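*Asks:* Test case, fold it:
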Amino acid sequence: MAGMWNKIKNSATLMTWSNQFVNFGSALFILPLLLKRFDELEIAFWFLVNVFMQLAKLADSGFGPTLIRAVSYFKAGAEKLPLNKEDFESSEVKEKGVPNLTKMADLLSTSNRIYLILSLFAVLLLGTGGVAVTWNIFEMSDFRQDFISAFALILVNSYIILQIVKWKSFMTGLDFVAVSNGFYSLIGSVRVFVYIAILLIYPSVLLLIAYNLLTNIVIFFYLRNYVRKWFAKQKVKLSDHKVFDKEIFKSIWPATWKLGGIYWGNYLITYGTSIIIAQIDNAALMAGFLFTQRIMFIIRRMAEAPFYANIQKTYKLLAFKDFAGLKKLVSMNVFLAMGIVISSLTVIGVFGNWGLGLLGIETRIVPPLIYAIMLAMVALEIHSAMHATIYSSTNQIPFLIPSLVSGAVVVVGGFMILDVYGVLGLILLQFFTQLSFNYWYSWYLSLNLINWPLFEYVRDVFGASLRIMKGEAKIL
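*Replies:* Numbering: from 1, shown residues only. Take a look at the predicted model:
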């Protein structure tokens, strides 16, 4: 029994799924209650808050994924990071790496300075752009004091969130995904009960956001102390590494600023529709669309869990150029992701409104055609994001311009289309804009990088189901 528990708590995939299941449980138990206890304007404000939390993470500007990759490479024993695809292909294949502790400590010291600036930028970003996006809701609520106070707490929360991104990136690079996500599951479980108590006793958006801030502070100190203790066990004195390593910064900056631009573009593509919908005067339509998008976001995170839970292993296989092992890992993760997102969202699409009606909740999921298009977009976005992550390990990022252009088209075109063609026109614009480039280019480059012909790739992805059933593929 003890052995089984140790296997569960040390499994990155299981602990990541545990965290995502807690998030899904939160949606299952809290959302219906929230939809009954809040009015439509409060519902819209709450879901817009969740959009802002993603906007705060956007201020990371690509440093998080780059930091994970850098930690993974240095832990594998690398002396330096590849500057581009040519540098990656010409680098020597490492058979067995001894962690480069000096570079890892210098990387942490460098990132401390970087994230101080990024955290302040997050506060500035929400303090300006966030206010502009929320202004319509503020006006519709006659500038309710609890909405304004809640927004002030969001600004503080954005600073903490960026600090959490830094420490969680280090945890992931060190292959402590199971530890961090196990703690997230614990915190999330407690949050469910606290949220339910708040909604039953004294429903308030302000109280929910205040508690969210408290939990983020707890998470910040836990992750920070865990990483610092790891360095202490390696007999590394972080006080001796209070430097800004220009060599490390130069190696991560070219990929980082491009990733940052891509994230901005992807944010506009994914959440630009939410920003546009938040400007309309129909609170019911606003709440329904943002509710549907939130459900899809939760399912997406569950579907992506196997891939990102093992991202350190992916980077390690790339560092060692073990393409055979990488193909097995990626094909299994792609199969699982597509299976989870398509099956889960199909069930929700068929029975979701029936379940909401059964609970006496007026808010509804978007109409079937719009929902089907949104489902297809989620599946295609997951697939392209996985392959973009793999190719970006070379430090060559060719996705910047397409992402920014696509984001601009969705937002600018969306504002013009909404009044004429409605939500369906907005979603179709988002879908075809992505389909023109973003949905296929990343996997085309990724497959070429690791010498994986398209026919073999499709065969291996479907073959992953057989390997899973036969027990040949290790999911957990």
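*Asks:* going forward, measure contacts and count neighbours with C-alpha atoms only.
*Replies:* OK.
*Asks:* Quick check: buried residues in the stretch of helix or strand residue 179 belongs to?
*Replies:* Secondary-structure element containing residue 179, defined by DSSP states H and E: helix 177-201. Judged by neighbour count (16 or more other C-alpha atoms under 10 Å), helix 177-201 contains these buried residues: 177-185, 187-189, 191-192, 195-196, 198-199.
*Asks:* what's next to stretch 234-243, contact-wise?
*Replies:* Stretch 234-243 has contacts (C-alpha atoms under 8 Å, 6 or more residues apart in numbering) with 101, 105, 106, 109, 110, 228, 231.
*Asks:* Tell me which of those fall in strands.
*Replies:* Counting by DSSP state E, none of the members of the contacts of stretch 234-243 fall within strands.
*Asks:* Which stretches in the stretch 251-400 of the chain count as helices?
*Replies:* 283-309, 311-320, 323-358, 368-392, 400-435 (DSSP state H, counting those that start in this stretch).
*Asks:* Name the spans of the stretch 1-150 of the chain whose pLDDT lies under the cut-off.
*Replies:* Applying pLDDT under 70 to the stretch 1-150 of the chain flags residues 1-17, 19-20, 23-28, 54-62, 82-97.
*Asks:* does residue 52 sit in a helix, a strand or a coil?
*Replies:* helix (DSSP: H, G, I helix; E, B strand; the rest coil).
*Asks:* Tell me how many other residues crowd residue 142.
*Replies:* Look at residue 142: counted by other C-alpha atoms under 10 Å, it has 9 neighbours.
*Asks:* now it: how far from residue 41?
*Replies:* Residue 142 sits at a distance of 11 Å from residue 41 (criterion: C-alpha to C-alpha, to the nearest Å).
*Asks:* on that earlier part again, what's the closest of the helices of the stretch 251-400 of the chain to residue 221?
*Replies:* Comparing these by their distance to residue 221 (C-alpha to C-alpha), the top pick is helix 283-309, with 21.5 Å.
*Asks:* quick one: buried residues of that closest one?
*Replies:* In terms of neighbour count (16+ other C-alpha under 10 Å), helix 283-309 has its buried residues at 283-296, 298-309.
*Asks:* What count of nearby residues applies to residue 247?
*Replies:* Close neighbours of residue 247, defined as other C-alpha under 10 Å, add up to 11.
*Asks:* Could you measure from it over to residue 334?
*Replies:* With distances taken as C-alpha to C-alpha, residue 247 is found 35 Å from residue 334.
*Asks:* Pull the residues that contact stretch 196-204.
*Replies:* When contacts are defined by C-alpha under 8 Å, 6+ apart, stretch 196-204 is touched by residues 29, 30, 33, 34, 37, 38, 207, 208.
*Asks:* Going through those residues, which ones are buried?
*Replies:* For these, a neighbour count by 16+ other C-alpha under 10 Å gives the buried set as 30, 33, 34, 37, 38, 207, 208.
*Asks:* Out of those, list just those in helices.
*Replies:* With DSSP state H as the criterion, helices contain 30, 33, 34, 37, 207, 208 from among the buried ones among the contacts of stretch 196-204.
*Asks:* Please tabulate those in JSON lines and include distance to residue 252 as additional columns.
*Replies:* Conversion of those to JSON lines gives the following (distance: C-alpha to C-alpha, whole Å):
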{"residue": "30", "distance to residue 252": "40"}
{"residue": "33", "distance to residue 252": "45"}
{"residue": "34", "distance to residue 252": "42"}
{"residue": "37", "distance to residue 252": "47"}
{"residue": "207", "distance to residue 252": "39"}
{"residue": "208", "distance to residue 252": "37"}
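*Asks:* and residue 440, what does it touch?
*Replies:* Residue 440 makes contact with residue 384, according to C-alpha under 8 Å, 6+ apart.
*Asks:* distance of residue 133 from residue 46?
*Replies:* Using C-alpha to C-alpha, residue 133 is found at 13 Å from residue 46.
*Asks:* Those two: which is more packed in?
*Replies:* Here residue 133 and residue 46 are compared on neighbour count by other C-alpha under 10 Å; more neighbours surround residue 46, at 23 against 18.
*Asks:* now the strands for the stretch 1-150 of the chain?
*Replies:* With DSSP state E, counting those that start in this stretch applied, the stretch 1-150 of the chain shows no strands anywhere along its length.
*Asks:* in it, which spans are helices?
*Replies:* Counting by DSSP H, counting those that start in this stretch, the helices of the stretch 1-150 of the chain are 2-9, 12-37, 40-58, 63-75, 85-90, 101-125, 131-140, 145-173.
*Asks:* Give me whichever of those is most buried.
*Replies:* A comparison of the helices of the stretch 1-150 of the chain by mean neighbour count, using mean count of other C-alpha atoms under 10 Å, puts helix 63-75 on top with a mean of 26.
*Asks:* got the CA coordinates for that helix in PDB?
*Replies:* Backbone C-alpha positions of helix 63-75 (Å, rounded to 0.1, in the frame of the first residue of the first chain) are rendered in PDB as follows:
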ATOM      1  CA  PHE A  63      10.800  33.700 -19.700                       C
ATOM      2  CA  GLY A  64       8.900  30.900 -18.000                       C
ATOM      3  CA  PRO A  65       9.200  28.200 -20.700                       C
ATOM      4  CA  THR A  66      12.800  29.400 -21.500                       C
ATOM      5  CA  LEU A  67      13.700  29.100 -17.900                       C
ATOM      6  CA  ILE A  68      12.300  25.500 -17.700                       C
ATOM      7  CA  ARG A  69      14.400  24.600 -20.800                       C
ATOM      8  CA  ALA A  70      17.500  26.300 -19.400                       C
ATOM      9  CA  VAL A  71      17.200  24.500 -16.000                       C
ATOM     10  CA  SER A  72      16.600  21.200 -17.800                       C
ATOM     11  CA  TYR A  73      19.700  21.600 -20.000                       C
ATOM     12  CA  PHE A  74      22.000  22.700 -17.200                       C
ATOM     13  CA  LYS A  75      20.700  19.800 -15.000                       C
END
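*Asks:* What are the neighbouring residues in contact with residue 138?
*Replies:* Each residue near residue 138 by C-alpha under 8 Å, 6+ apart is listed here: 144, 147, 148.
*Asks:* which one is the second one nearest to, not counting chain neighbours?
*Replies:* Computed as C-alpha to C-alpha, 6 or more residues apart in numbering, the closest residue to residue 147 that is not its neighbour in sequence is residue 206, at 6.9 Å.
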